[in-house]
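Chemist: Sequence isn't available, so here's the structure alone:
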């Protein structure tokens with residue numbers, strides 16, 4: 001399939017990165033995966049249907065790559081960032097379920113009451129709900145949370161990236177048998 005017209009967006013497609021032992025490690029862009037491939041850092045295990053073309057080469061767009069050298073990585077923690085928090089909360093307000101943007105990060109227990117910047121104390125909130133709640137707890141503001149915030153692990157985090165195009169990822173993320 002030719003992708004000359006859409007190569008910029010296609011290079012941003014998600015690619016699952018596995019360690020040498022096939023343990024899921026990260027998700028990167030197809031552009032990054034292609035660079036790793038040409039630098040002989042990874043092998044391509046699965047590809048999307050699309051191809052990427054250069055004047056001298058055609059390459060199937062990577063979907064799953066495996067590192068050639070083992071990387072010691074003992075942590076299954078997901079780094080707390082605004083983007084990762086929004087992914088965890090499915091890009092919806094945890095008070096009213098609105099998916100309107102922009103969403104903010106709200107402290108369940110406000111900072112002025114000792115609330116910390118942790119997975120368990122931060123939720124995605126639309127601006128109207130964040131203003132309405134103010135410096136109060138959800139109970140004080142009578143605004144119950146749709147679900148209690150929890151710290152995700154990498155496997156659950158990666159599972160959220162799977163769409164129709166990433167069916168090949170499922171066995172590596174413990175979603176079905178090989």
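Modeler: Looks like it came in fine. Remember, it's a predicted structure, so these values are computed and weren't measured experimentally.

Chemist: and the longest helix seen in the chain, what does it pack onto?
Modeler: As assigned by DSSP state H, the longest helix anywhere in the chain is helix 30-38. On a contact count with 3 or more CB pairs under 8 Å, 6 or more residues apart in numbering; DSSP states H and E, helix 30-38 meets strand 14-18, strand 42-53, strand 58-67. (Glycine included, C-beta is placed from N, CA and C.)

Chemist: of all those strands, which lies closest to residue 175?
Modeler: Among the helices and strands packed on helix 30-38, the nearest to residue 175 by CB to CB is strand 14-18 (11.9 Å).

Chemist: Give me the sheet partners of the closest one and which way each runs.
Modeler: strand 24-29 (antiparallel), strand 58-67 (parallel) (DSSP bridges).

Chemist: Buried ones in it, by neighbour count?
Modeler: 14, 15, 16, 17, 18 (16 or more other CB atoms under 10 Å).

Chemist: Arrange these in JSON lines, one row each, with distance to residue 38 as further columns.
Modeler: Formatted as JSON lines, those follow (distance: CB to CB, whole Å):
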{"residue": "14", "distance to residue 38": "19"}
{"residue": "15", "distance to residue 38": "14"}
{"residue": "16", "distance to residue 38": "19"}
{"residue": "17", "distance to residue 38": "15"}
{"residue": "18", "distance to residue 38": "18"}
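
Chemist: Tell me which of the strands paired with strand 14-18 is the most buried.
Modeler: Ranked by average neighbour count under the criterion mean count of other CB atoms under 10 Å, the strands paired with strand 14-18 are headed by strand 58-67 at a mean of 20.

Chemist: can you give me how far that strand is from the chain middle?
Modeler: 19 Å (CA atoms, centre = their mean, to the nearest Å).

Chemist: helices or strands up against whichever helix or strand comes after it?
Modeler: Downstream of strand 58-67, the first helix or strand assigned by DSSP states H and E is helix 82-88. Judged by 3+ CB pairs under 8 Å, 6+ apart, helix 82-88 is in contact with strand 103-107, strand 122-126, helix 154-159.
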